[in-house]
Each structure stands twice: as structure tokens, then as C-alpha cells.
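K.L.:
Give me the fold of what follows.
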Amino acid sequence: MKLAYKDIGKGKTIVFIHSYLWDKDMWLPQLNLLKDSFRCIAIDLPGHGDSEKNSNIIDLKNLAEIIKNTLDNLNVDSYTYVGLSVGGMLAPYLYQLDKDRIEKIIIMDSFSGAEPEQTKNLYFSMLDTIEKSRKIPDQLVEKIAPIFFSPMIDKNGELFLNFKEKLQNIPEDKIDTIVNLGRVIFGRENSLQLLNSIEVPTCFITGEYDLPRPFYEAEMMKKEVKNSKIYRVKKAGHISNLENPRKVNSIFKNILK
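P.N.:
This is a model prediction of the structure:
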């Protein structure tokens, strides 16, 4: 299948994969910082942004294969991989498939372990409602949107309101793909052991107030990857790169220099 992408800048390549229910444009603060020194490729996941629908994805390895094929078609020789949330969950699978090309890995606000049973059941219940409604109902939008941000987010601010609007306006023909991908993400297997095989420089970055992916999960992953580094982003939740872009950009400058 074809995935939409933004391909800007010149130099060594950095590949960005966004969070569930977002799209490639969530990386704009980082793309604007890095495009003068790097080739930046930000990819839309299936059913997100401008990518095609595909409700037949069976697991995260399958999704990693689709991303690898996209990079093959873009003639990427080597790259740094940056993934946030599900993007980070894909990292160990993509590394298994493409280790000869990956030079560095940055995993943000993510967790390679299985979803805790309580939250898995909650998310699956939400997905069932979305599937039946053929949209994200307003009452669910009010529950889902705050999950992605810190408790101090301005709920009348542009970042929060734009995300709510995005959730409210997901096209009906993308719902099946969105729901299927959600079930793949929240029903994922424990892949912490796959992190042991990573032999390239790896960094973990997590928002200080990340509700779905608390900092201790990043610490668990760090223990699995030899000589890896970890960063905590103050005043940020799950979408740390947008809630505190200045801090994340500073970390990126340090990692990528």
C-alpha cells in the first residue's frame, strides 16, 4: 500500500512516525528545526493524514514492513528513526527488518511492553463504540483528547482545540482503518525482549506528565538497550514534541549533532 509522506531538506536522513490519531504534521516543529541540515521524511500511518486506508493490518510487524517498503521506494540508504507512541512501538520491529540501514533510534512517549489489561479493555471498549458510531462521538472526544496532553494544557488553546476538531472530523471511510489499527496497537504483544538486539545508539524521551506512557515505562525500556540514554520533557504530556517543542528540539540537537 502507499503511505503519504513529507520529504524535505537535504543531508543524512531522519524518518519520523507519528502517534495514533495524529499525522505527519505533528512533527512540524522538529522538521522546521532540522530541514536545513537533514533530509526529513515524515510518514502518515494507514488511515491517517493523507495515507490510504488499510483495515487488514494484522500486527505491528506487518505495519513495520509497510514502512520499510515505503523507505525502499524513497531510495533511503541509511537513516535515524524517530517514533512517538505507536511510532516508538514500531522501532524494535523495524530494526529487526532494517537494521543494516538504521543508524540511530529515538523512541518517544512509547512502550514496547504489552498494554496493561485495564487500559486495554478501556481502549477496546472505546474502539467498539467508534466502530458502531462510524465516527468518534463527542462524548468520547471529550475523554480521548485530554489523554494526549499534560493536566495543565490550555483546553481553550489552539493545540488542544485543533486536536479535538481533528477527532470530530475523521472521515467515515477511514473509521475501519482507525479502529483496526487501534486494536493492533492496544492488543500488541510484549516486545521488550526485542529491544535487547538493538546495537545502534538509542534514546528514550518521555513527557513528564505522559498519562498513557509514564516515565517508568521508558526506564524499563532503557534497561533493555545497552548504553542507551533517557530524557524527561518537563511540562509535557504524551505529545511531548508539541507541548514543549523547545525542550524536545534541544534534546534533538544534542542527539543528532
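K.L.:
all helices of this protein, in order?
P.N.:
28-34, 60-73, 86-89, 91-98, 117-133, 138-144, 158-168, 175-186, 215-222, 240-243, 245-256 (DSSP state H).
K.L.:
Just put those helices in TSV and tack on distance to residue 9 and mean neighbour count.
P.N.:
C-betas here are computed from N, CA, C, even on glycine. What follows is those, written out as TSV (distance: least, Cβ to Cβ, whole Å; neighbours: other Cβ atoms under 10 Å):
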stretch	distance to residue 9	mean neighbour count
helix 28-34	7	18
helix 60-73	16	18
helix 86-89	19	26
helix 91-98	21	22
helix 117-133	35	14
helix 138-144	33	13
helix 158-168	24	15
helix 175-186	28	20
helix 215-222	28	18
helix 240-243	17	26
helix 245-256	12	17
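K.L.:
Could you check the pLDDT of residue 231?
P.N.:
For residue 231, the model assigns a pLDDT of 98.
K.L.:
I'd assumed residue 207 was in contact with it.
P.N.:
No: judged on Cβ atoms under 8 Å, residue 231 makes no contact with residue 207 at a distance of 10.1 Å.
K.L.:
higher neighbour count, these two?
P.N.:
residue 207 (29 against 20; other Cβ atoms under 10 Å).
K.L.:
Go ahead and confirm the more buried one touches residue 244.
P.N.:
Yes: shown here, residue 207 and residue 244 form a contact pair, counting by Cβ under 8 Å, at 7.4 Å.
K.L.:
Common neighbours of the two, please.
P.N.:
Common contacts of residue 207 and residue 244, defined by Cβ atoms under 8 Å, 6 or more residues apart in numbering, comprise 233, 236.
K.L.:
still on that earlier bit, can you say which of the helices of the chain is nearest to residue 192?
P.N.:
Nearest to residue 192 among the helices of the chain is helix 215-222 (6.9 Å), distances taken as Cβ to Cβ.
K.L.:
Between helix 91-98 and that closest one, find me the angle.
P.N.:
Relative orientation of helix 215-222 versus helix 91-98 (axes from the mean of the first three to the mean of the last three Cα atoms, to 10 degrees): 30 degrees.
K.L.:
Tell me which residues are up against helix 215-222.
P.N.:
By Cβ under 8 Å, 6+ apart, the list of residues contacting helix 215-222 from outside reads 107, 110-113, 192, 195, 204-206, 208, 228-230, 232.
K.L.:
Neighbour-wise, which one of these leads?
P.N.:
Going by other Cβ under 10 Å, residue 107 tops the contacts of helix 215-222 with 31 neighbours.
K.L.:
residues touching that residue, list them.
P.N.:
Residue 107 makes contacts with 83, 88, 91, 202-205, 218, 221, as judged by Cβ under 8 Å, 6+ apart.
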